[in-house]
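Trainee: below is the sequence, then the predicted model.
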Amino acid sequence: MKALLLLVIFTLLSSLGDGSVGSIISSSLFDQMLKHRNDAACPGKGFYTYTAFIAATNSFSGFGTTGDDATKKREIAAFLAQTSHETTGGWPTAPDGPYAWGYCFISERNPPKDYCVANSQWPCAAGKKYYGRGPIQISYNYNYGPAGKAIGSDLLKNPDLVATDATISFKTALWFWMTPQSPMPSCHDVITGRWTPSNADRAAGRLTGYGVTTNIINGGLECGNGSDARVADRIGFYKRYCDLLGVSYGDNLDCYNPRPFTSTAAHVDPGRQTSSQYSHSGKLGKTPCDADPCRNGRHFKHSTLSYSTQSKLKLRRDRVGKSPSRSRPICRSPTTEKQATH
């Protein structure tokens, strides 16, 4: 117990140094941003702690520490906004508004299968399931494998760590955030201005700004089709967090018109229906990770939880439509370089 207390104190003190994420977002501000994450109605109550968040960010050099103060704040706001959308329990008339209910959920509810596909590099462990878990809802063995390798945990053998160890859970989301997959840049490079759009990107309307991070995460479903409530929800979280951090939003917040990266991505089997911008690299085999019919965002079933304030309310996971955007799994190439530092 004493050792754990010392670890917590060390983590908090180490975060207060100049240039760290902890010097930008305090524990009290974190609680204000994710105001209802510990509500009694949230399945994730008590899981997503500030200490775990700071410990995870300290393992990824560059996150929240790149650029000037405004850039650092925007990256933290963008990361928490995108992951809040993926884990939200909010609804339009929720107390304090829908954007105060991020980080309510931990795991995919009622997963229809084990998300195990044949892969020689990242083979499934017997009896293990790789459904969506954590802030970014990482899914499939070929994502758990490289994510685990990058953060120093064997997530193929122990995928439940993403739902039981908050630091590991945050680290998987940060791994996704920091790792590029051609032709897509990383969310980190986009939001910090380190990504320069190519001529093809410009022709497709993909310009530097928060909207490209949405395109990276779920562009195949949400981008290039005009106004979309899911995109608006992501922007709502982002604006709220930017306001709390005292930073401007930047340009190009939505992806209503820019085309998804799918249109330029390679290695997608043209004979199968895809619903997301992600695809396997050639080293992963011939089947695109998003060719699975469950990737069209209609299999993710959430229960409706009762919530009581002065009147009876409903905590609704499907706040912007019939199903959440993270009803399809995260796809990420397992060939990327290790991002974490230890």
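Mentor: Yes, it's here.

Trainee: extract the CA atoms of stretch 49-69 and return them as PDB.
Mentor: Taking Å, rounded to 0.1, in the frame of the first residue of the first chain, the C-alpha atoms of stretch 49-69 are listed here in PDB:
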ATOM      1  CA  THR A  49      -8.300   8.200 -13.300                       C
ATOM      2  CA  TYR A  50      -6.100  11.300 -13.700                       C
ATOM      3  CA  THR A  51      -3.100   9.400 -12.300                       C
ATOM      4  CA  ALA A  52      -3.500   6.700 -15.000                       C
ATOM      5  CA  PHE A  53      -3.900   9.400 -17.800                       C
ATOM      6  CA  ILE A  54      -0.700  11.200 -16.700                       C
ATOM      7  CA  ALA A  55       1.300   8.000 -16.300                       C
ATOM      8  CA  ALA A  56       0.300   6.900 -19.800                       C
ATOM      9  CA  THR A  57       1.100  10.300 -21.400                       C
ATOM     10  CA  ASN A  58       4.500  10.200 -19.800                       C
ATOM     11  CA  SER A  59       5.200   7.100 -21.800                       C
ATOM     12  CA  PHE A  60       4.700   8.800 -25.200                       C
ATOM     13  CA  SER A  61       7.200  11.500 -25.800                       C
ATOM     14  CA  GLY A  62       5.700  14.300 -27.900                       C
ATOM     15  CA  PHE A  63       2.100  13.900 -26.800                       C
ATOM     16  CA  GLY A  64       0.900  17.200 -25.400                       C
ATOM     17  CA  THR A  65       4.400  18.600 -25.400                       C
ATOM     18  CA  THR A  66       4.900  19.500 -29.100                       C
ATOM     19  CA  GLY A  67       4.800  23.000 -30.300                       C
ATOM     20  CA  ASP A  68       3.700  26.200 -28.500                       C
ATOM     21  CA  ASP A  69       1.300  26.300 -25.500                       C
END
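
Trainee: report the buried residues of that stretch.
Mentor: By neighbour count on 16 or more other Cβ atoms under 10 Å, the buried set for stretch 49-69 is 49-60, 62-67. For glycine as for every other residue, the C-beta is placed from the backbone atoms N, C-alpha and C.

Trainee: same question, stretch 153-160
Mentor: Residues of stretch 153-160 classed as buried: S153, L155, L156, N158, P159 (neighbour count, 16+ other Cβ under 10 Å).

Trainee: kindly export stretch 199-219 (C-alpha atoms) in PDB.
Mentor: What follows is stretch 199-219, C-alpha atoms only, in PDB (Å, rounded to 0.1, in the frame of the first residue of the first chain):
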ATOM      1  CA  ASN A 199      -1.500  17.400 -53.500                       C
ATOM      2  CA  ALA A 200      -3.800  14.400 -53.300                       C
ATOM      3  CA  ASP A 201      -4.900  15.400 -49.800                       C
ATOM      4  CA  ARG A 202      -5.600  19.000 -50.900                       C
ATOM      5  CA  ALA A 203      -7.600  17.800 -53.900                       C
ATOM      6  CA  ALA A 204      -9.700  15.600 -51.600                       C
ATOM      7  CA  GLY A 205     -10.200  18.600 -49.300                       C
ATOM      8  CA  ARG A 206      -8.100  17.200 -46.400                       C
ATOM      9  CA  LEU A 207      -6.500  20.200 -44.800                       C
ATOM     10  CA  THR A 208      -4.700  20.600 -41.400                       C
ATOM     11  CA  GLY A 209      -7.100  20.700 -38.500                       C
ATOM     12  CA  TYR A 210      -9.200  18.700 -36.100                       C
ATOM     13  CA  GLY A 211     -11.400  17.400 -38.900                       C
ATOM     14  CA  VAL A 212      -8.600  15.300 -40.300                       C
ATOM     15  CA  THR A 213      -8.300  13.400 -37.000                       C
ATOM     16  CA  THR A 214     -11.900  12.500 -37.400                       C
ATOM     17  CA  ASN A 215     -11.100  11.400 -40.900                       C
ATOM     18  CA  ILE A 216      -8.300   9.200 -39.600                       C
ATOM     19  CA  ILE A 217     -10.500   7.600 -36.900                       C
ATOM     20  CA  ASN A 218     -13.700   7.000 -38.800                       C
ATOM     21  CA  GLY A 219     -13.600   8.800 -42.100                       C
END
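
Trainee: how far does that stretch sit from its chain's centre?
Mentor: How far stretch 199-219 lies from its chain's middle: 17 Å, per Cα atoms, centre = their mean, to the nearest Å.

Trainee: on that earlier part again, now the buried residues of stretch 153-160 in a markdown table, with secondary structure and pLDDT?
Mentor: Formatted as a markdown table, the buried residues of stretch 153-160 follow (DSSP: H, G, I helix; E, B strand; the rest coil; pLDDT from 0 to 100):
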| residue | secondary structure | pLDDT |
| --- | --- | --- |
| S153 | coil | 98 |
| L155 | coil | 98 |
| L156 | coil | 98 |
| N158 | coil | 98 |
| P159 | coil | 98 |
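
Trainee: out of these, the closest to F170 would be?
Mentor: Ranked by distance to F170 (Cβ to Cβ), the buried residues of stretch 153-160 are led by S153 at 12.2 Å.

Trainee: now the closest one: how far from P185?
Mentor: 26 Å (Cβ to Cβ, to the nearest Å).

Trainee: kindly report the same for S198.
Mentor: Distance, S198 to P185, using Cβ to Cβ: 10 Å.
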